[in-house]
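**Student:** Dropping a prediction and its sequence here:
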Amino acid sequence: MDKVTPSLSLMRRLPPNKIEQNLNGLLNLIPEETDELLQRVDQPLKEETDAETGRKFLLCDYNRDGDSYRSPWSNKYEPLIEDGFLPSEKLRGMEIEFNELFDAYRELYYEGGTSSVYLWDQDVGFAGCFLVKKNVEGDRYVKTGCWDSIHVVEAVETDNKTSATYKLTTTVMLYMGVGKADLGDTLLAGSLTRQSSL
């Protein structure tokens with residue numbers, strides 16, 4: 001009996017600001033589906049600081065190897081592991097450029113927050129994820145809030161290497177808590193996933 005499909009359907013209907021709590025409960029009920037559900041349920045992004053560069057980076061399934069996460073700034077895992085997955089030299093060069101560009105975009109568009117870009121080789125072509133996290137605390141209108149966006153791109157070159165096909169999957173998770181006398185305590189939370197191919 002398929003347990004993953006109804007589990008994903010249930011996760012889409014539960015409050016997005018409690019994804020981690022709900023997913024942990026679901027994994028306790030069906031531990032045999034842990035790997036599949038962890039790969040298919042987007043969770044709020046977490047931040048870590050690169051011990052070598054002092055720069056923040058985002059943690060997700062795309063830069064994880066076991067219990068360690070690779071920093072896009074130093075290309076090293078935190079906590080350190082010796083044989084962790086690393087992108088090819090060509091992709092690593094692209095990853096460095098993408099991180100610098102996306103970091104500038106994040107600062108101009110979001111006026112703060114943290115961004116990370118991770119690339120990896122595939123059998124044909126390559127893929128990457130572009131991540132942004134922006135937290136808000138004690139703002140004029142929002143008491144607490146968070147914006148997480150996860151953009152996953154797959155690029156596959158044609159055999160003659162003159163063109164490529166692209167597949168983009170984007171997920172945005174938003175959480176806002178407003179506490180005003182004239183509004184009362186209000187919570188707005190949601191997530192949206194869209195996919196497109198060219």
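**Tutor:** Alright, I've got the coordinates. Numbering: from 1, shown residues only.
**Student:** got the contact list for V136?
**Tutor:** Neighbour list for V136: 142, 144-146, 176 [criterion: Cβ atoms under 8 Å, 6 or more residues apart in numbering]. Every C-beta, even on glycine, is put in place using the N, C-alpha and C of the backbone.
**Student:** what's next to the longest strand along the chain, contact-wise?
**Tutor:** Using DSSP state E to define each element, the chain has its longest strand at strand 164-180. Strand 164-180 is contacted from outside by 16-17, 19, 42, 44, 125, 136, 141-158, 185-198, using Cβ under 8 Å, 6+ apart.
**Student:** go with 7 Å
**Tutor:** 16-17, 42, 44, 125, 141-158, 185-198 (Cβ atoms under 7 Å, 6 or more residues apart in numbering).
**Student:** Ok, stretch 89-105 next?
**Tutor:** 72, 75, 87, 115-119, 121, 126, 130.
**Student:** ranking those residues by neighbours, who comes first?
**Tutor:** Within the contacts of stretch 89-105, most neighbours by other Cβ atoms under 10 Å means S116, with 31 neighbours.
**Student:** can I assume that residue sits in a strand?
**Tutor:** Yes - per DSSP: H, G, I helix; E, B strand; the rest coil, S116 lies within a strand segment.
**Student:** ok, what's across the strand from it?
**Tutor:** L131 (DSSP bridges).
**Student:** you'd agree it is up against R55?
**Tutor:** No - using Cβ atoms under 7 Å, S116 makes no contact with R55, being 9.7 Å away.
**Student:** Just the CA trace of the longest strand of the chain, in PDB.
**Tutor:** Extracted in PDB, the C-alpha atoms of strand 164-180 (Å, rounded to 0.1, in the frame of the first residue of the first chain):
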ATOM      1  CA  ALA A 164      19.600  22.700 -23.500                       C
ATOM      2  CA  THR A 165      16.300  21.900 -21.800                       C
ATOM      3  CA  TYR A 166      15.600  23.400 -18.300                       C
ATOM      4  CA  LYS A 167      13.200  22.300 -15.600                       C
ATOM      5  CA  LEU A 168      12.500  24.800 -12.700                       C
ATOM      6  CA  THR A 169      10.700  23.900  -9.500                       C
ATOM      7  CA  THR A 170      10.100  26.800  -7.100                       C
ATOM      8  CA  THR A 171       8.700  26.600  -3.600                       C
ATOM      9  CA  VAL A 172       8.000  29.700  -1.500                       C
ATOM     10  CA  MET A 173       7.200  29.300   2.200                       C
ATOM     11  CA  LEU A 174       5.900  32.400   4.100                       C
ATOM     12  CA  TYR A 175       5.100  32.900   7.800                       C
ATOM     13  CA  MET A 176       4.000  36.200   9.400                       C
ATOM     14  CA  GLY A 177       2.800  36.900  12.900                       C
ATOM     15  CA  VAL A 178       1.100  40.300  13.500                       C
ATOM     16  CA  GLY A 179       0.400  41.500  17.000                       C
ATOM     17  CA  LYS A 180      -1.400  44.900  16.900                       C
END
